Structures are given as C-alpha cells and as structure tokens.
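>>> Take a look and give me a structure for this.
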Amino acid sequence: MAQTQRIGWNMAAAVAAVMTLVFAALVSSWLGINAEQDGKDAVVEASRLARLVLEADARANELAALQAEFALAALRGEPVGEANLQRRAYRRALEELRANLRTVGEAALAEPERALLNSASRALERFDKVDSEIISLLRRDAQLDRLEASAYVLESAAPLAEHIANLIRTLESQVALRLERSAEIAGEASDRARVLLVAFGGLSLLLALLLARSLADSMAKRAELLRQLTELARVDGLTGVANRRVWDEELARGMERARRTGQRCAVGLIDLDNFKRYNDTYGHQLGDALLRDTARALATRLRAGDLIARYGGEEFAVLLHGCDLANALRMFERLQSAPPAGQTFSAGVADSDGREDGSRVVGRADAALYRAKASGRNRTLAAEAVAEPAARAA
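Have a look, this model is predicted:
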C-alpha cells in the first residue's frame with residue numbers, strides 16, 4: 001500500500017506541475033497579449049484539453065500500478081473483497097480515469113483525436129472486465145485458480161494497461177500539436193504573441209521533463225511489481241518449492257542438457273505414505289504443515305542446481321542433473337530420513353540420456369513408484385531401463 005501511495009503522490013505532483021505550467025502560460029497570454037479572439041479561444045480550449053489528457057495519462061499509469069500491486073497481494077493470500085484498501089484505491093482510480101475520458105470526450109475533438117479517445121475507452125472497459133475475471137478466479141481461493149489469475153494479469157491485464165497508456169499518450173501528442181498550432185495562430189496577431197510562444201515553449205519543455213521523470217519512476221515501480229508477480233507465479237503457494245509449470249519447463253531443459261553434454265540425468269517421483277490418513281486424523285492444517293516442512297527438508301538436502309517441484313497433492317518431483325541411476329538411488333536413500341515427525345515416503349527413480357521425451361522418463365519413474373507403494377511403501381525403487389534400439393528390433 002505504501003508503494004501505491006508513493007506512486008499516487010508522484011503522479012499527483014506531476015499533474016499539479018503540469019496544471020500550474022499550463023495555467024501560468026494561459027494567464028500570461030490573457031495579461032500580456034491582445035491577440036485576436038479566435039486565436040485566444042483556440043489556445044484556451046487546446047490548453048484545457050491538454051490538461052485533461054495529461055490527467056488521464058497520469059490516472060492510466062496509476063491504475064496499472066494499482067492493479068498489478070493488488071493482484072500480487074491477492075496471490076500472496078491477502079483478502080480480495082471490497083474492504084481491501086488496495087482494491088478500493090484501484091476502483092477509485094478506475095472511476096476517476098473514466099470520468100477523465102468522459103470529460104475529454106465532451107470537448108471539441110478532431111476526428112483522429114476522437115478515434116483515439118474511443119479506442120482508449122473501449123480498452124479501459126476490456127481492462128475492467130479482465131480485472132473482474134481475475135478477481136473471480138482469486139475469490140475461488142484455489143491454487144490452480146490463483147496461478148491462472150497470475151497468468152491472466154501478465155498476459156492480458158498488463159498488455160491492456162500498456163495499450164491504454166499508449167493510446168492516451170498518442171492523444172496527448174496530437175493535442176500538444178493542436179496547442180502549438182493554436183499558439184502559433186495567436187502569435188501571428190502581434191509581436192507580443194511571438195514572445196508568448198517563446199515563453200510557452202520553455203514552459204512546455206520544463207513540463208515535459210517533469211512529466212517524463214514522474215512517468216519513468218511510475219513505470220519502474222510497476223515493472224518491479226510485475227517482476228515479483230511473475231516470480232510468484234512460478235512457486236507453489238503452499239510448499240514454496242517450484243510448481244508444476246516450472247517442472248514441465250525445467251524437465252524439457254534437463255533432457256536437452258543431458259543430450260547435449262552426454263551426462264545422464266535422473267527423475268524421481270516422491271509420494272508421502274498414508275498422507276490421506278494423516279489428513280483425516282490430524283486435519284488439513286497440520287497436513288499442509290507436513291507438506292511444507294517435507295518440501296523444505298527435501299530441498300535442503302539436494303545439490304545446488306537440482307530441482308524439486310510439487311507435482312500434485314502429496315507428490316513431489318525431483319530432477320537431478322549429471323546423475324545416473326545408481327547415484328540417484330544413493331541420493332534418495334539419504335532423502336528417506338528428511339521428512340519430519342517420522343513421516344515416510346515411497347519413490348520411483350528413472351535416469352535418461354536425454355534422447356527420450358521427458359514424459360516417458362516421468363512415466364517410468366511413476367511405474368517404479370507404483371511398485372514401491374505396492375510392495376510395502378517406505379522405499380525407493382529403480383525404474384526399468386529403456387530397451388536399446390537393437391534389442392527392441394530383435
């Protein structure tokens with residue numbers, strides 16, 4: 001929330017600076033120039049429109065930052081209802097941006113400006129619809145729904161927010177050109193009008209520098225929030241180890257690495273023994289705590305560079321680089337004592353030279369896991385080796 005407040009204050013300061021400079025130029029024109037009425041009216045209208053578009057630009061960047069921060073907080077487990085202060089700040093920024101765009105739409109706009117405004121308004125409504133769908137997913141409070149919501153933020157909400165900001169900035173450029181043309185027309189009326197143009201040009205340059213600095217700061221903070229969100233989307237929310245999405249990506253890379261280097265890799269599947277009975281006896285909270293503690297204990301005993309991921313339910317998957325089957329079995333013997341409170345696990349281990357598909361290696365490890373469970377649990381069994389091509393042909 002503090003980050004959002006700082007972004008809001010920075011944007012408010014930028015808008016205040018913009019308004020001050022625009023109005024200063026406007027007052028100077030009225031006091032120092034006796035231009036023709038048409039020229040003066042054009043400068044006033046263009047200046048008012050420029051102020052409104054600049055306000056909309058500031059609101060669009062604030063809205064994107066608020067939405068990203070709220071989604072990140074929600075994925076961390078914070079409540080997503082309307083009582084959430086971040087959520088209320090987001091809704092306030094959304095309504096203010098809508099009001100800004102409506103006010104801009106009431107002005108006399110050229111046809112290209114009207115088209116940009118309409119595109120920004122439609123994109124804003126799509127953005128709000130995407131946000132509603134994200135909130136709906138988060139309220140289900142299921143891990144897969146949270147992961148889907150995080151992907152939705154990255155793949156839909158963030159690009160839409162950037163699209164809205166780009167449309168408004170393009171509109172801002174066109175309005176700035178109109179303002180410049182209007183000032184030039186007014187300046188042609190007298191020598192003092194030309195003096196005004198010089199003064200207004202200096203003020204506009206200062207305004208652009210101030211606004212660029214403020215927007216750069218806002219965009220950097222939003223980028224950091226999105227980076228944190230991306231990182232969170234790759235971690236299992238309960239255990240803190242890698243999730244299934246990361247496992248699938250890293251397994252493919254592991255197969256490629258083994259094929260390229262000629263060093264075998266091993267895949268192990270771990271299933272906690274009698275976990276359903278533990279859940280039924282002690283409750284889901286203690287069951288979740290057992291999963292967390294087991295994941296951490298297993299992770300600390302792996303080598304740097306190896307991977308452990310939550311494969312589903314009470315199952316974990318382990319990827320050991322540069323490790324053949326014999327060494328992998330020795331590694332799993334050391335892991336048997338890792339789970340806390342005397343908890344045991346069954347495991348199946350397979351190794352590969354990388355020339356087979358990762359799913360086939362996992363399938364062989366899964367078959368070995370099934371045999372381990374069927375033969376009494378609390379043990380690790382090796383998968384059957386892949387038949388060589390010549391043997392298969394025979």
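>>> Would you map the strands across the chain?
Across the chain, reading from the start of the chain, the strands by DSSP state E fall at 265-272, 307-312, 315-320, 345-352, 380-382.
>>> Need those strands in JSON lines (columns: distance to Arg59).
Quick note: C-beta positions are derived from backbone N, CA and C, even for glycine. Output for these, formatted as JSON lines (distance: least, C-beta to C-beta, whole Å):
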{"stretch": "strand 265-272", "distance to Arg59": "50"}
{"stretch": "strand 307-312", "distance to Arg59": "40"}
{"stretch": "strand 315-320", "distance to Arg59": "45"}
{"stretch": "strand 345-352", "distance to Arg59": "53"}
{"stretch": "strand 380-382", "distance to Arg59": "58"}
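>>> Ok, which of the ones you listed comes nearest Ala110?
For the strands of the chain, distance to Ala110 was read as C-beta to C-beta. The smallest value, 55.5 Å, belongs to strand 307-312.
>>> got the angle for that closest one vs strand 265-272?
40 degrees (axes from the mean of the first three to the mean of the last three C-alpha atoms, to 10 degrees).
>>> circling back: right, and the strands of the chain - which one's nearest Tyr278?
The closest of those to Tyr278 is strand 265-272. By C-beta to C-beta, the value is 7.8 Å.
>>> For the closest one, buried residues please.
By 16 or more other C-beta atoms under 10 Å, the buried positions in strand 265-272 come out as 265-272.
>>> Just the closest of the residues you listed to Ser346, please.
Of all these, Ser346 sits closest to Asp271, with 5.2 Å by C-beta to C-beta.
>>> low-scoring pLDDT stretches of the stretch 151-300 of the chain, where are they?
Scanning the stretch 151-300 of the chain for pLDDT under 70 picks out the ranges 152-154, 179, 183-233.
>>> Show me where it has its helices.
Assigned helices in the stretch 151-300 of the chain, in chain order: 158-187, 191-232, 244-261, 275-282, 284-301 (criterion: DSSP state H, counting those that start in this stretch).
>>> how much space between Ala341 and His163?
For Ala341, the distance to His163 under the criterion C-beta to C-beta, to the nearest Å works out to 52 Å.
>>> of the two, who's got more company?
His163 (17 against 11; other C-beta atoms under 10 Å).
>>> From what I see, the more buried one and Leu124 are in contact.
No. When contacts are counted by C-beta atoms under 8 Å, His163 is not listed as touching Leu124 (9.8 Å).
>>> before we move on, back to that, need the max-distance pair from the buried residues of strand 265-272.
Pairwise distances among the buried residues of strand 265-272 were taken by C-beta to C-beta; the largest, 23.9 Å, belongs to Cys265 and Leu272.
>>> residue contacts, Val386?
352, 356, 360, 364 (C-beta atoms under 8 Å, 6 or more residues apart in numbering).
>>> I meant Ala328, not that one.
Contacts here follow C-beta under 8 Å, 6+ apart; on that basis Ala328 touches 266, 268, 320, 349, 351.
>>> Also Arg377?
Taking C-beta under 8 Å, 6+ apart as the criterion, Arg377 is in contact with 273-274, 344, 346.
>>> Distance check, it against Arg371.
As defined by C-beta to C-beta, Arg377 lies at a distance of 11 Å from Arg371.
>>> do Asp324 as well
In this view, Asp324 and Arg371 are 20 Å apart by C-beta to C-beta.
>>> Please apply the same query to Arg181.
81 Å.
>>> of those two, who's got more company?
The neighbour count for Arg181 versus Arg371, taken as other C-beta under 10 Å, is higher for Arg371 (16 against 13).
>>> Run through the bridge partners of the residue nearest to that one when sequence neighbours are not counted.
The shortest distance from Arg371 to any residue that is not its chain neighbour, by C-beta to C-beta, 6 or more residues apart in numbering, is 5.3 Å, and that residue is Leu381. Legend: beta-bridge partners of Leu381 under DSSP bridges are Gly348.
>>> wouldn't Leu381 be in contact with Ala367 here?
No. The criterion here is C-beta under 8 Å, and Leu381 misses it with Ala367 at 9.3 Å.
>>> Common neighbours of the two, please.
With the criterion set as C-beta under 8 Å, 6+ apart, the overlap between the contacts of Leu381 and Ala367 is Gly348.
>>> the more surrounded of those two?
Between Leu381 and Ala367, Leu381 has the larger neighbour count (other C-beta under 10 Å), namely 21 against 16.
>>> Now do the more buried one, the pLDDT please.
According to the model's per-residue confidence, Leu381 sits at a pLDDT of 96.
>>> what about it, distance to Asp248?
When distances are taken as C-beta to C-beta, Leu381 and Asp248 turn out to be 24 Å apart.
>>> ditto for Val53
Taking C-beta to C-beta as the measure, Val53 and Asp248 are separated by 45 Å.
>>> again with Phe316
Taking C-beta to C-beta as the measure, Phe316 and Asp248 are separated by 15 Å.
>>> about what we covered before: filter the contacts of Arg377 down to the buried ones, PyMOL style.
A single PyMOL command is used to select the members of these judged buried by 16+ other C-beta under 10 Å:
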select buried, resi 273+346
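>>> Looking at the contacts of Arg377, spot the one nearest Thr300.
Comparing the contacts of Arg377 against Thr300 with C-beta to C-beta picks out Thr344 as the nearest, at 18.2 Å.
>>> Now that closest one. Its backbone dihedrals?
For Thr344, the backbone dihedrals are phi -110, psi 170 (criterion: degrees, to the nearest 10).
>>> so what's it scoring on pLDDT?
On the pLDDT scale, Thr344 gets 95.
>>> Next one: it from Thr380, what distance?
Using C-beta to C-beta, one gets 11 Å for the distance from Thr344 to Thr380.
>>> again, but for Thr170
Applying C-beta to C-beta to Thr170 and Thr380 gives a distance of 61 Å.
>>> for stretch 127-140, which positions count as buried?
Buried positions in stretch 127-140, judged by neighbour count with 16+ other C-beta under 10 Å: 127-128, 130-131, 134-135, 137-138.
>>> care to break this structure down by domain?
2-232, 244-393 (automatic domain parsing).
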